[in-house]
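Undergrad: attaching a predicted model along with its sequence, questions to come.
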Amino acid sequence: QKGARKKVKVLEGGLALLHLASHANSSLSSSRGGTNNDAIAHYDRAYDLLKKSLGKGDTRVAACLYATGTVAARAMLYEKAESVLWEALKVREMAREIENCAEIWHEFGEIAMNKGLYDEAVKFFDQSLEVREGNGFSAGGGG
């Protein structure tokens with residue numbers, strides 16, 4: 001009983017932080033203040049709490065990782081972005097979430113393009129299209 005209540009509290013805390021991170025992220029878009037680092041810090045903390053309460057393989061944890069990766073990419077923190085996106089991709093592939101996997105592959109392409117790695121970007125974009133067309137998953141490579 002006590003352990004279950006603690007787990008619920010941790011989950012509630014993680015979800016609250018996820019909401020804060022989303023708010024910080026949307027504030028960036030609407031020029032109401034906030035920074036990429038604020039959003040990333042909230043997403044990181046939310047990830048820790050969600051992972052603790054839901055487990056690393058939960059797709060809600062993967063959604064948090066994806067959000068962290070996209071904000072990190074926008075902040076040009078490419079190494080962090082790639083790291084968390086690979087984690088998110090592995091979870092999404094295990095859950096067979098095709099559309100989400102395709103979005104992550106596309107994000108890898110955007111990152112490679114922003115880094116000036118155009119040939120690599122094309123490969124990631126191609127992988128995104130292949131996944132969307134139902135021709136496969138492959139989180140094992142790259143990174």
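TA: Great, that's in hand.
Undergrad: going forward, measure contacts between C-alpha atoms and count neighbours the same way
TA: Will do.
Undergrad: list the buried residues in stretch 83-99.
TA: Residues 84-93, 98 are the ones in stretch 83-99 that count as buried (16 or more other C-alpha atoms under 10 Å).
Undergrad: lowest-confidence member of those, which is it?
TA: Sorting these by pLDDT puts residue 98 at the bottom of the list (85).
Undergrad: quick one, phi psi at residue 67?
TA: phi -60, psi -40 (degrees, to the nearest 10).
Undergrad: identify the residues contacting it.
TA: For residue 67, the contacting residues are residue 43, by C-alpha atoms under 8 Å, 6 or more residues apart in numbering.
Undergrad: pLDDT score assigned to it?
TA: Note for residue 67: predicted pLDDT of 87.
Undergrad: separation between it and residue 100?
TA: If you measure residue 67 against residue 100 using C-alpha to C-alpha, to the nearest Å, the figure is 12 Å.
Undergrad: check residue 60 too.
TA: Residue 60 sits 12 Å away from residue 100, going by C-alpha to C-alpha.
Undergrad: can you name the next helix or strand after the helix or strand harbouring residue 111?
TA: In the assignment (DSSP states H and E), residue 111 maps to helix 98-114. Downstream of helix 98-114, the first helix or strand assigned by DSSP H and E is helix 118-132.
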